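Participant: Prediction below, plus the sequence it came from.
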Amino acid sequence: MAAEKGVPTVQLSRQDCRQGAVRAARLSFDGCFSITGGSDKTLKLWNPFRGAHLKTYVGHGHEVLDCQGSCDNGRLLSCGADRTVIVWEVSSGRVLNKWRAHAAAVTCCGFNEDSSLALSGSVDGAVKAWDCRSRRLEPVQTLDDATDSVTALQVTDSELLTGSADGRVRRYDLRNGQLVTDAVGEAVSCLTLSRDGQCLLVGCMDATVKLLDRESGELLNEFSGHKNAQYPLASCLDAADAHVLSGSEDGHVHCWDLVSGKVIAKLVHAGADVVHSLAFHPSRAVLLTAAGGATFLWGTGIEEEQMEA
């Protein structure tokens, strides 16, 4: 299948992360580093362009389910099946904050725009906000509107968006204290805001990825053709908001044209059954994916993309 120009279809590298199953693979705020959370309870920092392991962070009591880097690359945020949320100092590996107020596994986490707050969502149905600048062990706010597991979250300077297994996307207006709820029908596994902030990409457990208008909740397009019946899978938009990508339970990443909804490429992960995590570079045609115990780096085949960012 011929891919469109600018779509990352060439596998640049494969990295065995040596941390059991990779539960989450993320790129740093500037795209220069990658972060992986593993079933062996560790968090690892990498230079994906050189295939270099930079540091391992140990402190979780169970598998790490999600992770993110801060806006200045100085801290890491992680959460896991041990019900904890941890902020790490990148350079030293020191634990700066560790919170345990959730009643069940913490499935998703993220910093706000200036990384002063950490947000976490859990199987207990709650979203909690934590102050990274204090030693306070209790959350500054708890949102418990979901009736099932919170599976995904996105945060901006004025809004918090959450997705849950109850088939709802909730948009909290942090300035006005308002909540808007959109029903998408099936359990939500992933949320991604478009780069321009106008649209919301919602991955669902019925093997569809839906594009919603962020303000009205109107369904703008729907993408299908991948397999998703058992595992939560990640989806994302590329750096130009021109293509939609999603993991699949057939060992591929499916790539659709945003406007037409047509599949334009499939990225084959040899030997993998499920591609469950992916992250697109903030400015380049580079994609990071995770399947099994490995991560894969994809580009357009341009030689310069194989160099360090």
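Facilitator: Alright, I've got the coordinates. Just so it is clear, the structure is predicted and the values come from calculations on it, not from any experiment.
Participant: isn't there a helix covering residue 11?
Facilitator: No: secondary structure assignment (DSSP: H, G, I helix; E, B strand; the rest coil) places residue 11 in strand, not in a helix.
Participant: List the beta-bridge partners for it.
Facilitator: residue 298 (DSSP bridges).
Participant: what about the stretch 201-309 of the chain, any weak spots by pLDDT?
Facilitator: Along the stretch 201-309 of the chain, segments meeting pLDDT under 70 span 303-309.
Participant: can you map out the strands along it?
Facilitator: Secondary structure of the stretch 201-309 of the chain by DSSP state E, counting those that start in this stretch: the strands cover 208-213, 219-224, 235-237, 243-247, 252-257, 263-268, 277-280, 287-291, 294-299.
Participant: the helices in the protein, which residues?
Facilitator: Counting by DSSP state H, the chain forms no helices at all.
Participant: quick revisit: okay if I get the strands of the stretch 201-309 of the chain as CSV plus mean neighbour count?
Facilitator: C-beta: built from backbone N, CA, C; applies to glycine. Shown next, in CSV, are these (neighbours: other C-beta atoms under 10 Å):
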stretch, mean neighbour count
strand 208-213, 21
strand 219-224, 16
strand 235-237, 23
strand 243-247, 27
strand 252-257, 23
strand 263-268, 18
strand 277-280, 25
strand 287-291, 27
strand 294-299, 23
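Participant: Could I get the ones you listed in a markdown table, plus columns for distance to residue 117?
Facilitator: Compiled in a markdown table, the strands of the stretch 201-309 of the chain are given as follows (distance: least, C-beta to C-beta, whole Å):
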| stretch | distance to residue 117 |
| --- | --- |
| strand 208-213 | 25 |
| strand 219-224 | 30 |
| strand 235-237 | 23 |
| strand 243-247 | 28 |
| strand 252-257 | 31 |
| strand 263-268 | 34 |
| strand 277-280 | 21 |
| strand 287-291 | 25 |
| strand 294-299 | 28 |
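Participant: how about those, which one is nearest residue 133?
Facilitator: strand 277-280 (26.7 Å; C-beta to C-beta).
Participant: What helices and strands are in contact with that closest one?
Facilitator: On a contact count with 3 or more C-beta pairs under 8 Å, 6 or more residues apart in numbering; DSSP states H and E, strand 277-280 meets strand 22-27, strand 235-237, strand 243-247, strand 287-291.
Participant: export the ones you listed to JSON lines and tack on distance to residue 120?
Facilitator: Shown next, in JSON lines, are the helices and strands packed on strand 277-280 (distance: least, C-beta to C-beta, whole Å):
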{"stretch": "strand 22-27", "distance to residue 120": "13"}
{"stretch": "strand 235-237", "distance to residue 120": "20"}
{"stretch": "strand 243-247", "distance to residue 120": "22"}
{"stretch": "strand 287-291", "distance to residue 120": "21"}
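Participant: Please name whichever of the strands of the stretch 201-309 of the chain is nearest to residue 166.
Facilitator: Proximity to residue 166, assessed across the strands of the stretch 201-309 of the chain by C-beta to C-beta, is greatest for strand 208-213 (15.7 Å).
Participant: ok, the closest one: who's next to it in the sheet?
Facilitator: strand 199-204 (antiparallel), strand 219-224 (antiparallel).
Participant: Report how many residues lie close to residue 241.
Facilitator: For residue 241, the count of nearby residues is 14 (other C-beta atoms under 10 Å).
Participant: residues contacting it?
Facilitator: 194-196, 199, 258 (C-beta atoms under 8 Å, 6 or more residues apart in numbering).
Participant: how close does it sit to residue 65?
Facilitator: Residue 241 sits at a distance of 27 Å from residue 65 (criterion: C-beta to C-beta, to the nearest Å).
Participant: can you check residue 77 too?
Facilitator: Distance, residue 77 to residue 65, using C-beta to C-beta: 12 Å.
Participant: ditto for residue 141
Facilitator: 22 Å.
Participant: Then residue 176?
Facilitator: Residue 176 is 31 Å from residue 65, by C-beta to C-beta.
Participant: Same drill for the two, tell me which one is more crowded.
Facilitator: Taking other C-beta under 10 Å, residue 176 and residue 65 do not tie; residue 65 has more neighbours (23 against 8).
Participant: ok, residue 256 touching residue 263?
Facilitator: Yes: taking C-beta atoms under 8 Å as the definition, residue 256 is a contact partner of residue 263 at 5.5 Å.
Participant: which residues are common contacts for the two?
Facilitator: Common neighbours of residue 256 and residue 263, using C-beta under 8 Å, 6+ apart, are residue 225.
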